[in-house]
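**Student:** sequence first, then the predicted structure, then my questions.
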Amino acid sequence: MQADHFDQQKLLALAAEDVALAQLAHRRRTLPENAAVSAAEEAQRTLAADVVRAETEVRDLDREQKRLEADVDGVRARAERDRQRMASGTATPKEMTSLQQELDSLARRQGDLEDQVLELMERREAADEVLATARSGLDSARADQTAAEQARDAALAEIASGEQAHGATRTEVAGTVPEPLLALYERVAKQTGGTGAAALHARRCEGCRIELYGTELAAARNADPHTVIRCENCNRILVRTAESGL
Ligand SMILES: [Zn+2]
């Protein structure tokens with residue numbers, strides 16, 4: 001293919017934009033901010049589960065305490081009835097003895113229940129502390145996640161604006177390259193998955209870093225400046241410049 005030597009130079013600007021765009025796409029794929037967001041989400045999930053667990057524990061203890069307190073009330077009411085019966089003066093001596101035995105037993109039972117209530121209140125206090133710690137951990141995990149998301153969004157916005165700028169420049173440069181040459185560039189770029197042209201610099205293809213020698217070098221040296229030459233290794237359009245070393 002024949003193409004104006006100066007038009008061939010424009011392909012280097014086009015390739016530079018493609019490199020920049022590929023770097024931005026790579027950065028988007030491998031954004032460390034994404035990992036930070038995932039880690040923050042994971043921490044938040046763990047702490048949210050901790051909060052639920054601690055809340056359940058507190059609720060269970062409350063329920064247990066209410067049950068014990070109802071038992072205490074029941075024992076007190078029973079003792080009160082027994083005392084009233086004893087004070088009524090109508091109970092037989094045998095009944096009086098039995099009532100007294102029951103009162104003793106109820107007193108022991110009440111003591112046991114009150115001990116259990118105290119123990120429960122201690123556990124409740126500890127559970128409250130665990131819950132408070134889990135809640136404050138969850139709050140800070142949420143703040144971490146928000147910060148991580150903001151950092152990620154800022155990085156994505158930066159990438160998007162870079163893509164917009166390089167995309168615009170690429171379109172501008174592509175508009176100045178004659179169609180057959182541009183079509184060839186695009187075809188080769190698709191094959192390499194990157195750029196369609198590379199500078200020949202100090203006898204080396206800047207696309208694949210292979211140095212030209214022998215007949216390939218001689219062919220590049222002897223080719224007309226307006227003839228499009230290609231790298232035999234990577235197939236890219238080789239753009240000759242003053243630094244080509246020919
Ligand atoms: Zn090459």
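**Tutor:** Nice, I can see it.

**Student:** drop to CA atoms for contacts and neighbour counts, all remaining ones
**Tutor:** Will do.

**Student:** which SS class is the residue nearest the centre of the chain?
**Tutor:** For the chain, the residue nearest the mean C-alpha position is residue 38 (1.8 Å; Cα atoms, centre = their mean). Of the three states, residue 38 takes helix under DSSP: H, G, I helix; E, B strand; the rest coil.

**Student:** any idea of the pLDDT on it?
**Tutor:** Looking at residue 38, its pLDDT reads 94.

**Student:** relative to the ion, how far out is it?
**Tutor:** For residue 38, the distance to the ion under the criterion Cα to the ion, to the nearest Å works out to 40 Å.

**Student:** identify the residues contacting residue 31.
**Tutor:** residue 152 (Cα atoms under 8 Å, 6 or more residues apart in numbering).

**Student:** equivalent analysis for the one 3 residues further on, please.
**Tutor:** Remark: with contacts taken as Cα under 8 Å, 6+ apart, residue 34 is in contact with residue 152.

**Student:** repeat the analysis, applying 10 Å as the threshold.
**Tutor:** 28, 40, 148-149, 151-153, 155-156 (Cα atoms under 10 Å, 6 or more residues apart in numbering).

**Student:** which parts of the chain sit against the ion?
**Tutor:** 205, 207-208, 231, 234 (Cα under 5 Å from the ion).

**Student:** pipe the residues you listed into a markdown table and attach secondary structure and neighbour count per row.
**Tutor:** Shown next, in a markdown table, are the residues of the chain next to the ion (DSSP: H, G, I helix; E, B strand; the rest coil; neighbours: other Cα atoms under 10 Å):
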| residue | secondary structure | neighbour count |
| --- | --- | --- |
| 205 | strand | 26 |
| 207 | coil | 22 |
| 208 | coil | 13 |
| 231 | coil | 23 |
| 234 | coil | 19 |
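
**Student:** pLDDT added to these, as TSV?
**Tutor:** Below are those laid out as TSV (pLDDT from 0 to 100):
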residue	pLDDT
205	97
207	96
208	96
231	96
234	96
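
**Student:** from those residues, which is closest to residue 33?
**Tutor:** residue 207 (30.7 Å; Cα to Cα).

**Student:** ok, the closest one to residue 157 distance?
**Tutor:** 30 Å (Cα to Cα, to the nearest Å).

**Student:** verify the stated contact: residue 78 with residue 102.
**Tutor:** Yes. Counting by Cα atoms under 10 Å, residue 78 does reach residue 102; the two are 9.4 Å apart.

**Student:** contact partners for residue 154?
**Tutor:** So residue 154 contacts 33, 148, 160 (Cα under 10 Å, 6+ apart).

**Student:** and the helices in the chain, which stretches?
**Tutor:** For the chain, the helices defined by DSSP state H cover 5-29, 32-87, 93-174, 179-192, 214-222.

**Student:** tabulate these in JSON lines, adding columns for distance to residue 240.
**Tutor:** JSON lines is the format used below for these (distance: least, Cα to Cα, whole Å):
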{"stretch": "helix 5-29", "distance to residue 240": "8"}
{"stretch": "helix 32-87", "distance to residue 240": "39"}
{"stretch": "helix 93-174", "distance to residue 240": "18"}
{"stretch": "helix 179-192", "distance to residue 240": "15"}
{"stretch": "helix 214-222", "distance to residue 240": "9"}
